[in-house]
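Trainee: Give me a model of this one.
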Amino acid sequence: MAKHETISPRVQVGFDPLWVETHYGPQFEEHLTFFFHPLLKTHLAWITMLAEQKIVPRDSAAAVCGAIRELQGKNPEILRPFVPEYGDVYVHVEKHLEERIGKEHVGHLALARTRPEPVARMALRDKLLNLLDAVLGMREKLLDTAEEHAETVMTGYTHAQPAQATTYGHYLLGAYDPIEEDCRFFKDAYANVNRCTLGCGALAGTGFPVDRYRVAELLGFDGIVENTYACVSSNDFMLVSANAVIDMAVTLSRVMADFVEWASFDVGMMLTAPQFSSYSSLMPQKLNTTVLEGGRLKCSYCLALAQNVANLIVKGHYGDVKEIDMVWMPTFKSLDYTTDTIRLLGEVIRTMQINRERMLELARSNFCTVSELSDEIYRQRGLSYRTAHAIAAHVVNQVVKEGLLATDITTRMVDEAAVKVTGKPLNIPEQAVKESLDPVTFVERRNLVGGPAPKEVRRMIKVRRERLKQDRAGQSERKQNLEKADLLLRQSVAAIMK
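Mentor: Below you'll find the model as predicted:
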């Protein structure tokens, strides 16, 4: 291979091969994958602004724009072979352009500018848009499924024990709401990411009359990171994205943990659709929900990667240091994994085979309605709730001791428990006892705001559909803004090249 000069005379020897193997080589591959096109777009915006501000000759800017536009139509592989002395993709692009139009023209690209670019922000905002698309799609599937199961009565659990009757639709809305909130976190992350840092120099800006707002406009940013020191020092835009990933990953993983348990043969409340189920090579009877186990594993990856973002930079000086330059990779990967998991889980939920009969059977027999029996005692006889609670607890003790189920509870059993607690029977009508223990009645009586009654569940779904519609409009606006900026950049470049 021919000998290449380094980018600066300050380095007068080639890089050590070990450093190249362990650092510059992998860095080149990563940058070539993620930053090639954002970097070219950034170059176009910068040289266009410099020409508009009459900082560089217009003919030089036109020559650079022409060469970059030609390169935009090429595969990133055109920058190979990797030249260690050049280091990153930034310099490889510069050298490629020099071969096309010469150093004097291309040299203007580096004016008033250092290599920390908004390219990571541009790549990250694309990943956030992809993730938001996935979340919006999942939210719609959750709402559709919740509406389908607004009357599917099931057991709600606390501490992994039967607690109170609810519906599967109500449960899904309970998962939907934090996911909707996570969607807001990702929107906030996008707003934080979508600010431009170009024009910051190495940290103190430049004495040239650059127009930072014009560059931001041409690249589709909503504004700028104003303080030039913060431009190269802060990495909050990575951290806020990572924090949103953490919250989402925790919610998704916990929902999948429920599904794994409920899909077991012994519970039998649900089963993943055949296209999302696997089999055993040894045991013929097996139908495994490994898609859920794999989803939870992906969530663990997301969590570890996102947490690592803070770990990587926490001890770095507040300036342009390598730590903040390297955290984009775990951030990107965490977003990609989260996007994949969201897309997959939404479809798994949509196609899940729900055993309504088994859900209702369990809810009738596992004492998840006994709190309504306490309420009925309170309503019927006006005892303090703690007294009513104690009577109901005695009833459960006796029924369990006799090996019976909640469906076997009678007025006689309630009276026997009442005698133990108060010294006298309650004589509550048999029908009232039976109705209080019926999970369907239990759910219908809970028509309070946010409760599981089918009417209330459907009301909540309607409200959330309207918010989803608004969020889709906001997502469309974000994409349209980027498309408008692309058009503006093309028109501005064309004007420079006239």
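Trainee: hey, let's count contacts and neighbours off CA atoms from now on
Mentor: Fine.
Trainee: CA atoms only: put stretch 331-347 into CSV for me.
Mentor: Extracted C-alpha coordinates of stretch 331-347, given in CSV (Å, rounded to 0.1, in the frame of the first residue of the first chain):
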residue,chain,number,x,y,z
THR,A,331,-27.2,4.4,22.4
PHE,A,332,-27.9,3.4,18.8
LYS,A,333,-27.9,-0.3,19.6
SER,A,334,-30.3,0.1,22.5
LEU,A,335,-32.7,2.0,20.3
ASP,A,336,-32.5,-0.6,17.6
TYR,A,337,-33.1,-3.4,20.0
THR,A,338,-36.0,-1.5,21.6
THR,A,339,-37.5,-0.8,18.2
ASP,A,340,-37.3,-4.5,17.2
THR,A,341,-38.9,-5.6,20.6
ILE,A,342,-41.7,-3.1,20.3
ARG,A,343,-42.6,-4.2,16.8
LEU,A,344,-42.5,-7.9,17.7
LEU,A,345,-44.4,-7.6,21.0
GLY,A,346,-47.2,-5.6,19.4
GLU,A,347,-47.8,-8.3,16.8
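Trainee: Give the rounded mean pLDDT of it.
Mentor: The average of the pLDDT scores along stretch 331-347 is 96.
Trainee: What of stretch 443-455?
Mentor: Here the average pLDDT along stretch 443-455 is 97.
Trainee: In that stretch, which residues are buried?
Mentor: Val443, Glu444, Arg446, Gly451, Pro452, Ala453, Pro454 (16 or more other Cα atoms under 10 Å).
Trainee: before we move on, what about stretch 29-46?
Mentor: 31-32, 34-46.
Trainee: what does that stretch rub up against?
Mentor: 65, 68, 72, 76-77, 88-90, 109, 117-120, 122-123, 215, 218-219, 489, 493 (Cα atoms under 8 Å, 6 or more residues apart in numbering).
Trainee: what separates that stretch from the chain centre, distance-wise?
Mentor: 25 Å (Cα atoms, centre = their mean, to the nearest Å).
Trainee: CA-only coordinates of it in PDB, if you can.
Mentor: Coordinates of each C-alpha in stretch 29-46 appear next as PDB, following Å, rounded to 0.1, in the frame of the first residue of the first chain:
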ATOM      1  CA  GLU A  29     -16.300   0.500  10.000                       C
ATOM      2  CA  GLU A  30     -18.800   2.000  12.500                       C
ATOM      3  CA  HIS A  31     -18.700   5.500  11.000                       C
ATOM      4  CA  LEU A  32     -18.900   4.200   7.500                       C
ATOM      5  CA  THR A  33     -22.200   2.400   8.400                       C
ATOM      6  CA  PHE A  34     -23.900   5.200  10.300                       C
ATOM      7  CA  PHE A  35     -22.300   8.500   9.400                       C
ATOM      8  CA  PHE A  36     -21.500   8.500   5.700                       C
ATOM      9  CA  HIS A  37     -24.700  10.100   4.400                       C
ATOM     10  CA  PRO A  38     -25.200  12.500   7.400                       C
ATOM     11  CA  LEU A  39     -21.700  13.700   7.000                       C
ATOM     12  CA  LEU A  40     -22.100  14.500   3.300                       C
ATOM     13  CA  LYS A  41     -25.300  16.400   4.100                       C
ATOM     14  CA  THR A  42     -23.500  18.300   6.800                       C
ATOM     15  CA  HIS A  43     -20.700  19.200   4.400                       C
ATOM     16  CA  LEU A  44     -23.200  20.600   1.900                       C
ATOM     17  CA  ALA A  45     -25.000  22.700   4.500                       C
ATOM     18  CA  TRP A  46     -21.800  24.100   5.900                       C
END
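Trainee: can you pull the alpha-carbon coordinates of stretch 96-112 into PDB?
Mentor: This file holds the C-alpha atoms of stretch 96-112, laid out as PDB (Å, rounded to 0.1, in the frame of the first residue of the first chain):
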ATOM      1  CA  HIS A  96     -11.700  11.500  -1.800                       C
ATOM      2  CA  LEU A  97     -13.000  15.000  -2.600                       C
ATOM      3  CA  GLU A  98      -9.500  16.300  -3.000                       C
ATOM      4  CA  GLU A  99      -8.900  13.600  -5.600                       C
ATOM      5  CA  ARG A 100     -11.900  15.000  -7.500                       C
ATOM      6  CA  ILE A 101     -11.500  18.800  -7.200                       C
ATOM      7  CA  GLY A 102      -8.200  19.500  -5.400                       C
ATOM      8  CA  LYS A 103      -7.100  20.500  -2.000                       C
ATOM      9  CA  GLU A 104      -7.700  24.300  -2.300                       C
ATOM     10  CA  HIS A 105     -11.400  23.900  -2.800                       C
ATOM     11  CA  VAL A 106     -11.900  21.100  -0.300                       C
ATOM     12  CA  GLY A 107      -9.900  22.800   2.300                       C
ATOM     13  CA  HIS A 108     -12.600  25.300   2.900                       C
ATOM     14  CA  LEU A 109     -14.800  22.600   4.400                       C
ATOM     15  CA  ALA A 110     -12.700  22.600   7.600                       C
ATOM     16  CA  LEU A 111     -12.900  26.400   8.000                       C
ATOM     17  CA  ALA A 112     -14.100  27.400  11.500                       C
END
